[in-house]
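A.B. asks: model this:
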Amino acid sequence: MSSLADIELRLLAEAVFLRYGHDFRDYSPASLKRRVLQAQQKMGAASISALQERVLHDAGDFALLLQYLTVPVSEMFRDPGYFLALRRQVMPVLRTYPSLKVWVAGCSTGEEAYSLAILLQEEGLLARTVLYATDINHASLERARQGIFPLAQMQDFTRNYQRAGGTRSFSDYYTAAYGGVLIDRALRESITFADHSLATDAVFSETHLVSCRNVLIYFNRRLQDRALGLFHESLTHRGFLGLGSKETLAFSAYADRFEPVSKADRIYRRAA
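C.D. replies: Residues are numbered from 1 along each chain as shown. The predicted structure follows:
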């Protein structure tokens, strides 16, 4: 028998979908419950049902809830080995195409997208690349478009960049002032940030690389398969897919649709 909290959670997910079109119904129940309970506490709601009532009647409260549900946490060149593998094993293949499309799915506040833009620029590919970065969190997308990050994070970002095989001084890519940094304008203008849900929306077609890292771990198996199906459909013949360090294709419905390029770094290639 389901607990009262579990029933309330399912009702909240259904209500959010019907009211706002955001579909959390196939998110991992344990992860979703943890986030909703945190939001309930921080927003001062007596119960999940009370939180649901507020969210249904106040779009501002929904926007606040969304910040808890989407967990906008990232860093530039996170898991440097992933970017080093892209540099060594994927970029040489992408260099053979006259033009490229790259899709960063679940881009949060933009760190992953800017990291890929820097990598593509250093490999001489950014000028011929259309780079899409998508997320369901409007507040995160706006922060991503601005390209402003705390100066205190630059030491960690620089270390990651160096370990990812960076070929320049990382400070070349931003301007520091007033405790923050602004990403170089050319990099900001190279990325199209857009609203997109892996739970409800269609695909970007003919992409050569899809990078979706640390997103699938928050989905249940059905939604994971839907997302992987979108990526498979989106990718060109022999296109590349990058996942997060704790994510795998091994038990998915699409396990036989991709071939490993670097298992350790979770990089795959669309099977012929």
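A.B. asks: what mean pLDDT does stretch 250-265 have?
C.D. replies: Taken as a whole, stretch 250-265 carries a mean pLDDT of 93.
A.B. asks: for it, buried residues please.
C.D. replies: The neighbour-count check on stretch 250-265 (16 or more other CB atoms under 10 Å) flags Ser252, Tyr254, Arg257, Phe258, Val261, Ser262, Asp265 as buried. Heads up, the C-betas are built off the backbone N, CA and C, glycines and all.
A.B. asks: do stretch 8-23 as well
C.D. replies: Those buried within stretch 8-23 under the rule 16+ other CB under 10 Å are Glu8, Leu9, Leu12, Ala13, Ala15, Val16, His22, Asp23.
A.B. asks: this protein: helices as residue ranges?
C.D. replies: Assigned by DSSP state H, the chain shows helices spanning 4-20, 29-42, 48-57, 59-70, 80-85, 91-94, 111-122, 138-146, 154-163, 185-189, 221-234.
A.B. asks: which of the ones you listed sits most buried?
C.D. replies: Each of the helices of the chain was scored by mean neighbour count; the highest is helix 111-122, a mean of 25, by mean count of other CB atoms under 10 Å.
A.B. asks: for that one, which outside residues touch it?
C.D. replies: 74-78, 83, 86-87, 91, 100, 102, 104, 107, 126, 129, 131, 133, 144, 147, 149, 157, 161, 164, 166-168, 173, 183, 187, 190-191, 193, 211, 213 (CB atoms under 8 Å, 6 or more residues apart in numbering).
A.B. asks: on that earlier part again, considering the buried residues of stretch 250-265, which is situated nearest to Ala30?
C.D. replies: Ser252 (19.2 Å; CB to CB).
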